[in-house]
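1. Build me a structure from this.
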Amino acid sequence: MTFRSMITTARLSLGAVALACAALPMTASAEVVFQSLPSLTGNSATSPWCSGCSNGLQVFDRFTLNSASDITGFSVNIYTPAPYWNNGMTFSVWSVGGNGLPGTQLFSQTLGASDFTTTNLGNSQGTATTDDLLNLNLAAGTYYASFYNTSLAVWGYRNVGGVLYQQGAALRNGESVAFALEGNAVPEPASLALAGLALAAVGVVRRRKSA
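-> Numbers count the residues shown, from 1 in each chain. You can find the predicted model right below:
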């Protein structure tokens, strides 16, 4: 193979790589990145867990992300009768401590009632949904989510594989809050793959030329 034909082959290869990388999504589309139950509707709830009764019973639930994600919103099933709802809530994310309990707070944002839309599910159950979370970027891993205000109560569901924890009480393995996290899974940057392939192709051409 002549040097000119090697250059032509390298250019064609790089062109094909560029087209393939251009077809990859450079920005991820919004999606559900975690959901604690197969469905947030039609489930058999056990009891509402008070998140703020006497201001000291914060509720947490464990979740796992399979990839790094930018979280932009969430949905959670709440106990709808007054005065338990219509005051908004504080949503926070915590690390998992060495004892399996919530460790360090990593994120917190307080949202008002106007930041949510509420879907009535009947039997004092409803789903509160917001897409107003700001700057919540999480690496792949396991965390705790918390839903809190001084009157809020969230529903617990058994036999769903979660790890629900009410502050001051025991971990409840197999029980979970019904919630979903929505946002964007962070993709691998296609530009890095293209740059690496381009450098490799240039290296091959240079080695062939020097030979």
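2. With adjacent residues omitted, what lies nearest to Ala169?
-> Spatial nearest neighbour of Ala169, chain neighbours left out: Leu57 (7.8 Å); criterion: Cβ to Cβ, 6 or more residues apart in numbering. C-beta: built from backbone N, CA, C; applies to glycine.
3. Ramachandran angles for the one you found?
-> Backbone torsions for Leu57, taken as degrees, to the nearest 10, come to phi -120, psi 60.
4. surely Leu101 meets Leu171?
-> Yes: contact criterion Cβ atoms under 8 Å: Leu101 and Leu171 qualify, at 7.2 Å.
5. what touches both of the two?
-> Tyr165 (Cβ atoms under 8 Å, 6 or more residues apart in numbering).
6. so where do the helices sit in this structure?
-> 3-23, 190-210 (DSSP state H).
7. average pLDDT for the first one?
-> Across helix 3-23, the average pLDDT comes to 49.
8. Under the pLDDT cut-off, which ranges of this structure? List them.
-> Residues of the chain that meet the criterion pLDDT under 70 lie in 1-29, 42-44, 53-55, 159-160, 188-211.
9. hmm, try it at 90
-> Scanning the chain for pLDDT under 90 picks out the ranges 1-30, 37-58, 82-84, 86-87, 98-99, 122-123, 150-151, 155-176, 185-211.
10. The residue nearest to Ala169 - how many residues pack around it?
-> 17 (other Cβ atoms under 10 Å).
11. List the residues that contact it.
-> Contact analysis of Leu57 by Cβ under 8 Å, 6+ apart lists Trp49, Cys50, Ser51, Gln166, Gln167, Gly168, Ala169.
12. at 10 Å instead, please
-> Applying Cβ atoms under 10 Å, 6 or more residues apart in numbering, we find Leu57 in contact with Trp49, Cys50, Ser51, Tyr148, Thr150, Ala153, Gln166, Gln167, Gly168, Ala169.
13. farthest pair in those residues?
-> For the contacts of Leu57, with distances taken as Cβ to Cβ, the pair at the greatest spread is Thr150 and Ala169 (17.8 Å).
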